[in-house]
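Engineer: Test case, fold it:
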Amino acid sequence: MGTIIIVAAMVAATLVHAAALRRLIVALITIGGAGYPTGYLLWSALIPFYGIAPSRAVAEWVIWIPFGGAAIVAMWLLTGVLAWRLARTLPRAGQAPAEADSLRR
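Structural biologist: Have a look, this model is predicted:
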């Protein structure tokens with residue numbers, strides 16, 4: 001998970017040109033990547049008091065769902081931005097080959 005968070009943040013910082021969108025994506029990735037592992041800490045701290053299953057449910061609702069959800073939303077936003085950029089650079093039907101080659105450079 002850590003490698004995915006680092007790579008996604010690097011891709012967002014490098015390839016997303018809109019500053020506000022880049023900050024949003026990197027913030028959501030950071031929040032998800034930093035917060036999600038604390039769910040395991042919470043789960044392990046609650047096991048002696050509530051047992052395995054109830055403490056896991058608490059960790060899921062308090063930490064894993066919100067922080068994991070932030071990371072998932074960030075990944076979908078990043079995927080959408082990259083797909084939009086790719087769609088903009090593809091040659092259109094009826095476009096001259098020279099124009100298509102200049103877009104690829």
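
Engineer: So for the helix or strand where Ile31 lies, mean pLDDT?
Structural biologist: Under the criterion of DSSP states H and E, Ile31 resides in helix 19-35. Mean pLDDT, helix 19-35: 95.

Engineer: Name the residues of it that are buried.
Structural biologist: Within helix 19-35, the residues scored as buried using 16 or more other C-beta atoms under 10 Å are 22, 24-26, 28-29, 31-33, 35. For glycine as for every other residue, the C-beta is placed from the backbone atoms N, C-alpha and C.

Engineer: Could I get the pLDDT score of Pro97?
Structural biologist: According to the model, Pro97 scores 58 on pLDDT.

Engineer: Revised request: answer the last question for Met1.
Structural biologist: At Met1, the pLDDT recorded in the model is 80.

Engineer: Just the angle for the longest helix along the chain relative to helix 19-35, thanks.
Structural biologist: In the chain, taking DSSP state H as the definition, the longest helix is helix 65-89. Per axes from the mean of the first three to the mean of the last three C-alpha atoms, to 10 degrees, the angle that helix 65-89 makes with helix 19-35 is 140 degrees.

Engineer: Check which helices and strands helix 65-89 sits against.
Structural biologist: Under the contact definition 3 or more C-beta pairs under 8 Å, 6 or more residues apart in numbering; DSSP states H and E, helix 65-89 sits against helix 2-15, helix 19-35.

Engineer: Alright, that wraps it up for me.
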